[in-house]
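Visitor: sequence first, then the predicted structure:
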Amino acid sequence: MTAVILDSGGVTGLLHRPGRLQRLRGDLLWPAHVPAVVLAEVLTGDHRRDFHVNRLLKLCQIWPVTEPLARVAAHMRTKSGRAATLSVTDAIVVALAGEYAKALILTSDPGDLAALAAHSDAEIRFGPM
């Protein structure tokens with residue numbers, strides 16, 4: 001089974017494309033997995049402004065950033081040769097995707113994520129928002 005992983009672009013993209021969310025649910029690709037660090041990028045801390053994001057996040061599985069996951073992400077950044085320019089959050093998203101045999105990352109920025117995914121043994125695909 002394919003795991004769906006959301007980065008910050010995936011979260012915000014689904015907010016504006018409810019039909020996409022319905023298709024994912026219909027295709028049994030839900031709930032999506034979101035690393036907790038992504039919440040720091042998509043939330044403001046103001047419950048009024050975060051209302052819609054929080055509604056979507058309640059439908060997702062939020063994963064903590066554990067030490068082993070962080071180490072895998074660091075290894076991917078280093079192996080890419082672009083550690084100085086690739087975000088830690090992106091690396092953690094890809095590291096989480098690598099926990100599954102098959103993963104689909106929904107993102108608005110597949111380029112950097114693909115550079116990281118090249119250093120994973122998992123089958124990682126990217127979907128547009």
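Guide: Now that the structure is in, tell me what you want to look at.

Visitor: just for the protein, where's the confidence low?
Guide: 129 (pLDDT under 70).

Visitor: in the longest helix belonging to the chain, what's buried?
Guide: For the chain, the helix that runs over the most residues, judged by DSSP state H, is helix 67-80. Going by neighbour count (16 or more other CB atoms under 10 Å), the buried part of helix 67-80 is Leu69, Val72, Ala73, Met76, Arg77, Ser80. Bear in mind the C-beta positions are built from the backbone N, C-alpha and C, glycine included.

Visitor: report the two of those separated the most.
Guide: Leu69 and Ser80 (16.8 Å; CB to CB).

Visitor: element containing Val65?
Guide: Assigned by DSSP states H and E, Val65 belongs to no helix or strand.

Visitor: wait, it sits on Val37?
Guide: Yes - counting by CB atoms under 8 Å, Val65 touches Val37, with 5.3 Å between them.

Visitor: give me the more crowded residue out of these two.
Guide: Higher neighbour count among Val65 and Val37: Val37, with 23 against 17, using other CB atoms under 10 Å.
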